[in-house]
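Enquirer: next come a sequence and a model predicted from it.
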Amino acid sequence: MGTDMPRSAKVKSKLKIYAINNEENDETFNTTAQFRTPYTVSEDQKILQQFLDNGGLSQAKGNLIWKSMENKNIIPGRSWQSLKQRFKMILKDKLDFHGVTLAELKDADHDVYGMEDDDDEEKEPPKKKFYTVKEDKKILSFICETKRFAETGGIAMWKMLEDNNVVRNRSWESMKERFRKVILKNIEGYGLTEEELERFQRNPSTKGLQRRHMRK
């Protein structure tokens, strides 16, 4: 039995063979480890374009929008988790590089969803959202286009605004209060014509506005 290899020699031999196999497969291991290739400028821009075209900034904290992007194969080979993580990095460091502002993403989101900070995860109730100048102008445009200057003091017209979704996610009570307490006080700052301003002045429900003009 003198020809048997000692146990210690067998162990060393196996280790040597394993080491050789590792060296032979080193390229394969490296390829696998490097499978997560860095995002390209083009891929970043595709993500941003999705949000600029379709809104969704308010949904980005959730998962549904990212799963939808993965299902649509917006960026082949990228999982929804990867897309979500990459977008966080873009928001933090790369918006300026791509020439996109946070305000543009918010505007696009508001046009589609009409709200902020909404997602499919459990969270605190959304805070009250302030009116924008764009919303104020939508209210004024409706009144001017339908010639309902004399109806601003009632209820029917405001319910019509709500029913027609003129300003998304705003109740008729909210729009009426906004008109009475804010818009009228700043009526000259919305680019209305002189004729339109005069029509508001002649409205009995805007006598205070008329007196302010007379004092000028």
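Expert: Received the coordinates, thanks.
Enquirer: tell me the predicted confidence for Pro38.
Expert: Per-residue confidence (pLDDT) for Pro38: 91.
Enquirer: err, Gly154, not the other one
Expert: pLDDT at Gly154 comes out at 91.
Enquirer: quick one: the helices in the chain?
Expert: 7-24, 26-33, 41-54, 64-71, 80-89, 95-98, 102-113, 133-146, 156-163, 172-178, 194-202, 207-214 (DSSP state H).
Enquirer: in the shortest one, what's buried?
Expert: Pointing back at helix 95-98 there. By 16 or more other CB atoms under 10 Å, the buried positions in helix 95-98 come out as Leu95. Every residue, glycine included, has its C-beta placed from N, CA and C.
Enquirer: let me know the pLDDT of Pro125.
Expert: For Pro125, pLDDT reads 44.
Enquirer: about what we covered before: closest to Lys185 out of the helices of the chain?
Expert: helix 207-214 (7.9 Å; CB to CB).
Enquirer: average pLDDT for that closest one, rounded please.
Expert: 46.
Enquirer: if we can go back for a sec, okay if I get the helices of the chain as a markdown table plus distance to Ile187?
Expert: Below are those laid out as a markdown table (distance: least, CB to CB, whole Å):
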| stretch | distance to Ile187 |
| --- | --- |
| helix 7-24 | 78 |
| helix 26-33 | 65 |
| helix 41-54 | 33 |
| helix 64-71 | 39 |
| helix 80-89 | 41 |
| helix 95-98 | 36 |
| helix 102-113 | 24 |
| helix 133-146 | 8 |
| helix 156-163 | 17 |
| helix 172-178 | 13 |
| helix 194-202 | 6 |
| helix 207-214 | 6 |
